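# no sequence for this one, just the structure:
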């Protein structure tokens, strides 16, 4: 067997090495070229002749370890010169089996794809991925142990594909300006190739990625012998000009219903050296970012929204270590508002809830010795609230000061994909407003086979003194250990925070003062049978107490399983049991509320997403026996692909709640609870039409309606129980909340890195303290109410300094 394998590898121009975990790694020898190929998807350039072929791909799914079939084989060649790495790929398949839906950049859609992944420092931790679909759509991503796959990372590179009677072909040119690597004379990179045949859900890798082994980059092969390559001057500018016209019927004297603005700014990228990059955005414009999906929040904590601003999602894996960075704090959802200038009888005319980002800068990279360094800085401008007093006089007061946000990170990679890190976040505010600082030290240690691990973090927060509050220090730690690879896995985790720990000025944090412990067991079956492809089962147990005093908070046990069937359908079954507990936050006054026990059951079903029409959904049920209450959730999604250009999606979500009990208000200082019924309906429609792989239109429409219909009222007793309330009736405590959004965008990538985008937004919101029954009445009411309409046009032009210099020299 060894002789046969060696003979085969030598024939392909490859050899075999052994990784630290004892499993073989494929090696391909890098071959230098004197002439660069034409990137047209036609593999007829002479430079490809005689280049070793990487083939014999191995399945990850649906059958891990199975070799690709001869009629579906993949053949990839790789060469390089002083400027770039070039990829040639032939994907054999039946022509009518190649799936090639057109979507916008950085989406895969329903399409076959080929991707190459480079681990340029050969550390098994960080990587760069470049993918192209059979429709010619580019997708690139950055990989790390911290952030997993980061699809918001973008590079400028070239690719082209062709469909023919043997399947399809692809060519790529990946310039060194898109990569970070060391200055060694001879370099070896981690390297892997993956192919997805969407119609059969088969994903293969050149170097086998074992699903039983934790990690992806650490299971790459090796690209060996890159000689005398140097990182070019990485300097690019992306200036932009945008215009915005918005209309909202304020119908208030002195306030314009229609407002216009013209903005300009620039994004800059500069390669400080081979390994470090500076990213800067000056006077950014986020007017075209997708709207947040707002909801009726009846909890004592804020809602966490997804970050959609690209600068704050791209290449931020270092800054996300320790879970201390919630980027929407910068401008979008600031944590500090000064209301001291608001006087009794004042009418608020304008009250901006966001801060204007003046600039933001990131410096990040990793040395040849594995030391990752990250520096982040952003500045938001002061904001003013405008009010009118009883006499009609208007004034403005500062409600948000000029604020500076900073992060500093050191992350040292160790052997066995281990690491140690330190991070500091800092918020500095101008004037008398308080400042905040959080520091943390983290470690992640794995054994040689990447099976067992220990990781943890120690954190300290510091908030400076305020006029009515003293300065305060807070402390927190996390610790976990377990087995993360193999058929059987487990994890024990412990998390602690004292009564003063507070990272919320730059992070997302709901509460402190807890000591939580959890234990999770997992069992995975990756070997398919006659009726399933894989099975994953788990059992999760959680126990929580307060730190001071050490009161019990909650206990929960959650078993579940997920199955993928042979027809590529999947089913997920989950159950939960929660014991009676104590909630110290629901009362909003520091009192204790005894939460009821509950039982939860949920089932999720998904059909084969490769089908032109696919659908799925879930059913959830939570029973509260002590309250005679119940919560249900019915969710259905449908996707219809008319052709490779046009597709639609529809999501319908209905969430009724009966006899729920929560805080509703105060009678003086006395916390009042109520039992209530609640209906929540959320419907979203999305559609896309792609003119080409560089131009398309996307539409998103969402209507959300949720209410609260109070029935009986209760007094919260000191022991956490509830008694009937017979005091003054509470008024205006029912809720009826509607949100309607339209996001319509046109994007044209007219040259690599440059684009024209046109975005139309419509937003309407009603938040009433009385009920409007029936869905159709609420839908009509929010549509007939005041609408915030805006139209934005933005042109961004990518300028590469080297290309500009070449043009001038001609």
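Alright, I've got the coordinates. What you are looking at is a predicted structure, and each value in this text was computed from that prediction instead of being measured. Numbering: from 1, shown residues only.

# alpha carbons only for contacts and neighbour counts from here, please
Fine.

# In the stretch 351-500 of the chain, what residue spans correspond to strands?
For the stretch 351-500 of the chain, strands defined by DSSP state E, counting those that start in this stretch occupy the ranges 357-366, 371-380, 383-388, 394-400, 403-414, 418-429, 436-446, 452-463, 472-483, 488-497.

# and the shortest one, how far out from the chain's middle?
Which is strand 383-388. Distance, stretch centre to chain centre, for strand 383-388: 34 Å (Cα atoms, centre = their mean, to the nearest Å).

# Which elements pack onto that strand?
Strand 383-388 is packed against strand 347-350, strand 394-400, with contacts defined by 3 or more Cα pairs under 8 Å, 6 or more residues apart in numbering; DSSP states H and E.

# Could you dump the strands of the stretch 351-500 of the chain into JSON lines with mean neighbour count added?
JSON lines is the format used below for the strands of the stretch 351-500 of the chain (neighbours: other Cα atoms under 10 Å):
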{"stretch": "strand 357-366", "mean neighbour count": "21"}
{"stretch": "strand 371-380", "mean neighbour count": "20"}
{"stretch": "strand 383-388", "mean neighbour count": "20"}
{"stretch": "strand 394-400", "mean neighbour count": "17"}
{"stretch": "strand 403-414", "mean neighbour count": "21"}
{"stretch": "strand 418-429", "mean neighbour count": "21"}
{"stretch": "strand 436-446", "mean neighbour count": "21"}
{"stretch": "strand 452-463", "mean neighbour count": "20"}
{"stretch": "strand 472-483", "mean neighbour count": "19"}
{"stretch": "strand 488-497", "mean neighbour count": "18"}
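
# okay if I get those as a markdown table plus mean pLDDT and distance to residue 218?
Converted to a markdown table, the strands of the stretch 351-500 of the chain look like this (pLDDT from 0 to 100; distance: least, Cα to Cα, whole Å):
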| stretch | mean pLDDT | distance to residue 218 |
| --- | --- | --- |
| strand 357-366 | 91 | 17 |
| strand 371-380 | 94 | 17 |
| strand 383-388 | 90 | 47 |
| strand 394-400 | 91 | 46 |
| strand 403-414 | 94 | 13 |
| strand 418-429 | 95 | 11 |
| strand 436-446 | 96 | 12 |
| strand 452-463 | 96 | 15 |
| strand 472-483 | 96 | 17 |
| strand 488-497 | 97 | 19 |
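
# Make a markdown table out of the helices and strands packed on strand 383-388 and add distance to residue 332.
Shown next, in a markdown table, are the helices and strands packed on strand 383-388 (distance: least, Cα to Cα, whole Å):
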| stretch | distance to residue 332 |
| --- | --- |
| strand 347-350 | 17 |
| strand 394-400 | 12 |
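
# contacting residues for the closest residue in space to residue 486 that isn't next to it in sequence?
Leaving aside its sequence neighbours, residue 486 sits nearest to residue 212 (Cα to Cα, 6 or more residues apart in numbering; 4.4 Å). Contacts for residue 212 (Cα atoms under 8 Å, 6 or more residues apart in numbering) come out as 485-487, 526.

# Among those residues, which one sits closest to residue 145?
Proximity of these to residue 145, judged by Cα to Cα, is greatest for residue 485, which lies at 14.6 Å.

# quick one: contacts for the closest one?
212-214, 450-452.

# try residue 313
150, 152-153, 307.

# what pLDDT does residue 314 get?
If you check residue 314, the pLDDT there is 79.

# helix or strand for it, which one?
Under the criterion DSSP states H and E, no helix or strand holds residue 314.

# Pretty sure residue 545 sits against residue 553.
Yes: using Cα atoms under 8 Å, residue 545 is in contact with residue 553, at 4.9 Å.

# residue boundaries of the strands in the stretch 501-650 of the chain?
Under DSSP E, counting those that start in this stretch, the stretch 501-650 of the chain gives strands at 514-525, 532-545, 552-565, 570-578, 581-583, 593-595, 598-606, 613-624, 629-641, 646-667.

# how about the strands of the stretch 351-500 of the chain in TSV, adding distance to residue 132?
Formatted as TSV, the strands of the stretch 351-500 of the chain follow (distance: least, Cα to Cα, whole Å):
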stretch	distance to residue 132
strand 357-366	26
strand 371-380	29
strand 383-388	44
strand 394-400	45
strand 403-414	30
strand 418-429	31
strand 436-446	34
strand 452-463	35
strand 472-483	35
strand 488-497	34
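
# and of these, who's closest to residue 779?
strand 383-388 (31.6 Å).

# So which of the helices and strands packed on strand 383-388 is nearest residue 116?
Checking the helices and strands packed on strand 383-388 against residue 116 by Cα to Cα gives strand 394-400 as the closest, at 46.1 Å.
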